[in-house]
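A.B. asks: quick one, structure for this:
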Amino acid sequence: MSVRRSLLAGPVLDVAPKLLGMVLRSTTDEGTVAVRLTEVEAYDGPSDPGSHAYRGQTPRNTVMFGPAGFLYVYFTYGMHFCMNVSAGPDGQPSAVLLRAGEIVEGLDLARARRLPSTPAGKFNHSTGVRPAGVRSVGVPSAGANGVLPGPVAKRPNGNPDRDLARGPARMCMALGIGRDDNGADLLSRTSHIQLLPGPGFDGEPATGPRVGLREAAGRPWRFWIPDDPTVSPYRPHVPKRRA
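C.D. replies: Take a look at the predicted model:
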């Protein structure tokens, strides 16, 4: 079973809440990590001042202008990667930012990637370059089997594993996603990063303003699973003050 491209080709405000409960699975030589999506944000291209595509196409945002179902990865704040799923009809740029999720497969590897002192944690997120010998590999589509969410575990130091993918940069790090993954087809059966149906979400999603935006900050285009512990905290944009 796979996600249909037509499901992602509709208006982005319809697509975004449908991603809740789906699973994003990433496979490299290190192993596989999968995340059940619990929080997303919609960005609507030329009609949205908060969108990277608001002022037109650039080398950075090209993936947003292509077909639905591709991964748009960008570098932000000089230190983090974030990722989006392209949405809408081909040529009409829109995307859904993946903000947070629950690790449902590969928990030990996700922990190691978030701890820089371990070999698996040496993925360089300032450059998007994997350590020597670590590469993405194609895998056959595995469907939703084996990725059903389990209980949120506790790490040995007492911090909850809910924080491993709680935020867009943390999720990229846990999944081992960086610059090289920009443009990956998430719906291909042989892609090393796949969007899978997962357990889904049948309830009514919560909505609210998007996080940290300066423009179009009040639009309630953030969607999340109510009461899920992995949803990230809301933070409004704070203007920088001159010294």
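A.B. asks: please give me every residue in contact with residue 175.
C.D. replies: With contact taken as CB atoms under 8 Å, 6 or more residues apart in numbering, residue 175 is in contact with 24, 26, 33, 35, 110, 165, 193. (Glycine included, C-beta is placed from N, CA and C.)
A.B. asks: most neighbours of all those, which one?
C.D. replies: residue 165 (32 neighbours; other CB atoms under 10 Å).
A.B. asks: for it, give its distance to residue 36.
C.D. replies: Computed as CB to CB, to the nearest Å, the residue 165 to residue 36 distance reads 9 Å.
A.B. asks: how about the helix or strand of the chain with the lowest mean pLDDT: buried residues?
C.D. replies: Sorting the helices and strands of the chain by mean pLDDT, DSSP states H and E puts strand 71-76 at the bottom, at a mean of 92. Going by neighbour count (16 or more other CB atoms under 10 Å), the buried part of strand 71-76 is 71, 72, 73, 74, 75.
A.B. asks: what number of residues lie near residue 215?
C.D. replies: 11.
A.B. asks: of the contacts of residue 175, closest to residue 221?
C.D. replies: If you rank the contacts of residue 175 by distance to residue 221 using CB to CB, residue 24 comes first, at 19.8 Å.
A.B. asks: ok so, going back, overlap in contacts, residue 165 and residue 36.
C.D. replies: Shared contacts of residue 165 and residue 36 (CB under 8 Å, 6+ apart): 101, 102.
A.B. asks: work out the gap between the least confident helix or strand of the chain and the centre of the chain.
C.D. replies: Mean-position distance between strand 71-76 and its chain equals 9 Å (CA atoms, centre = their mean, to the nearest Å).
A.B. asks: do stretch 8-20 as well
C.D. replies: A distance of 14 Å separates the centroid of the chain from that of stretch 8-20, by CA atoms, centre = their mean.
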